[in-house]
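>>> need a structure here:
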Amino acid sequence: MTSAGKRAEALVAELGIKCPQDLDVEAIAFDSGVEVVYEAMTGCEASLVGYLDRAVATINPSDVRGRERFSVAHELGHWHLHRGRSFQCRVDDPSANLSSDRALEKEADNFAAHLLLPGPLFKPVIAQLGQPSFQQLTKVAGEFETSIMATALRLANIDTLPVIVACYTRDGKRWSLPAADIPKRWFLKDKLDEDTFTYDFLNSGKESRYLGKQSADAWFENDDAEKYEVLEQCIGSAGGTALVLLYLQPDMLDAGFDWNVGNRRYNERGSYVPRRGASRR
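Numbering: from 1, shown residues only. Model prediction:
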């Protein structure tokens, strides 16, 4: 867990919170000296202005309660982690920050995820579900009053399952978040394979209502991917994107290092072989 996550979960523990229903994010903010105000805004989704030990977080109202709560927790993260600065945050969805290089925003997102879905409360719920589908994660999101996006990302973050959460458009991969224990040797394809359920969803609207078996070579660049299977499911997300769940089979976690993927390729003797059209250096 990062220091941001530790700070958030320590705060939850200090307040004696024992169940999801007690995660009143406005009350937690108030206890930290932050007043939460809901007010229509233009140009940003939330802002934080503080002086000494008090601050005001202004949140753009949303029809989705999970997004409001994440915005409050995000600004509270800035207050605990980056005090002394003022912030105008453009998004209330962690997906946008995952595809950017905005370090402080990612830290605030991490704080928010651990505050709203703290490990001591979230992990036991997930453990009861095996490999949860999006339908099951939607129920968990309802219990914790979080968005399905934040809940799926937290699933990968707790690193108890061999899962990759990714976001794709018709043009290709926007971002991906693998659980920490998934070997780095597995390289997701940038472009969607036509054999994936996600391709069907984005191009013809065909829903994948359940986790379905899929040949791993539809998702990964690795030459040996055809020997394995994954479980795949996707749902529609913001801006015409698809949010994807991929569960790797156990054998994929034990596969040896693959020299033949990524930015460099090697022959059987370990010598670098330039890709076609690439210059030697």
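
>>> is it fair to say H114 lies in a strand?
No: the assignment for H114 by DSSP: H, G, I helix; E, B strand; the rest coil gives helix, which leaves it out of any strand.

>>> show me the contacts for it.
M1, A4, G5, K6, A8, E9, V12 (Cβ atoms under 8 Å, 6 or more residues apart in numbering). Using the backbone N, CA and C atoms, a C-beta is placed for each residue, glycine as well.

>>> correct me, but the third one touches L117?
By that I understand G5. No: between G5 and L117 there is no contact under Cβ atoms under 8 Å: 10.2 Å.

>>> Give me the subset of the contacts of H114 that lies in helices.
Assigned to helices by DSSP state H, the following of those qualify: A4, G5, K6, A8, E9, V12.

>>> just curious, which of those is nearest to L153?
Nearest to L153, judged by Cβ to Cβ, of the ones in helices among the contacts of H114 is G5 at 12.4 Å.

>>> any idea how far D53 is from the closest residue in space to the closest one that isn't next to it in sequence?
Nearest non-adjacent residue to G5, counting by Cβ to Cβ, 6 or more residues apart in numbering: H114, 4.0 Å away. Here the criterion is Cβ to Cβ, to the nearest Å. By it, H114 lies 23 Å from D53.

>>> Just want to know which of G5 and L117 has more residues nearby.
Relative neighbour count places L117 above the other of G5 and L117, with 28 against 19, counting by other Cβ atoms under 10 Å.

>>> my guess is Q214 meets T196, correct?
Yes: if you go by Cβ under 8 Å, Q214 and T196 touch, sitting 6.5 Å apart.

>>> Common neighbours of the two, please.
With contacts defined as Cβ under 8 Å, 6+ apart, the residues shared by Q214 and T196 are E232.

>>> Kindly supply the ChimeraX command isolating those of the contacts of H114 that are buried.
Entered in ChimeraX, the line below selects the buried ones among the contacts of H114, by 16 or more other Cβ atoms under 10 Å:
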select :4,5,8,9,12
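
>>> Output the contacts of H114 as CSV; include the columns distance to Q233.
Shown next, in CSV, are these (distance: Cβ to Cβ, whole Å):
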residue, distance to Q233
M1, 27
A4, 29
G5, 26
K6, 31
A8, 28
E9, 29
V12, 30
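
>>> can you map out the strands along the stretch 1-150 of the chain?
Secondary structure of the stretch 1-150 of the chain (DSSP state E, counting those that start in this stretch): strands located at 34-38, 46-51, 54-59, 87-89.

>>> Next, the angle from the third one to strand 34-38.
Taking axes from the mean of the first three to the mean of the last three Cα atoms, to 10 degrees, one finds that strand 54-59 is oriented at 30 degrees with respect to strand 34-38.

>>> So what are the sheet partners of strand 54-59 and their directions?
Strand 54-59 sits in its sheet next to strand 34-38 (parallel), strand 46-51 (antiparallel), going by DSSP bridges.

>>> Quick check: which of these is buried the most?
Most buried of the strands paired with strand 54-59, by mean neighbour count (mean count of other Cβ atoms under 10 Å): strand 46-51, with a mean of 19.

>>> Tell me how far that strand lies from the chain's centre.
25 Å (Cα atoms, centre = their mean, to the nearest Å).

>>> ditto for stretch 22-38
24 Å.

>>> who touches it?
With contacts defined as Cβ under 8 Å, 6+ apart, stretch 22-38 is touched by 11-12, 15, 17, 48, 50, 53-61, 68-69, 72-73, 75-76, 79-80, 115-116, 118, 121, 144-145.

>>> end-to-end on that stretch?
21 Å (Cα to Cα, to the nearest Å).

>>> TSV for the strands of the stretch 1-150 of the chain, including distance to G172?
As requested, those are exported to TSV (distance: least, Cβ to Cβ, whole Å):
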stretch	distance to G172
strand 34-38	37
strand 46-51	30
strand 54-59	33
strand 87-89	27
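
>>> right, so of these, which gets closest to V230?
Nearest of the strands of the stretch 1-150 of the chain (Cβ to Cβ): strand 87-89, 34.4 Å.

>>> Now do the same contact list for I235.
I235 touches F134, I148, E207, A242, L243, counting by Cβ under 8 Å, 6+ apart.

>>> Compute the number of surrounding residues for the closest residue to E226 other than its chain neighbours.
Residue nearest to E226 in three dimensions, not counting chain neighbours: D217, with 4.2 Å by Cβ to Cβ, 6+ apart. D217 has 19 neighbours, counted by other Cβ under 10 Å.
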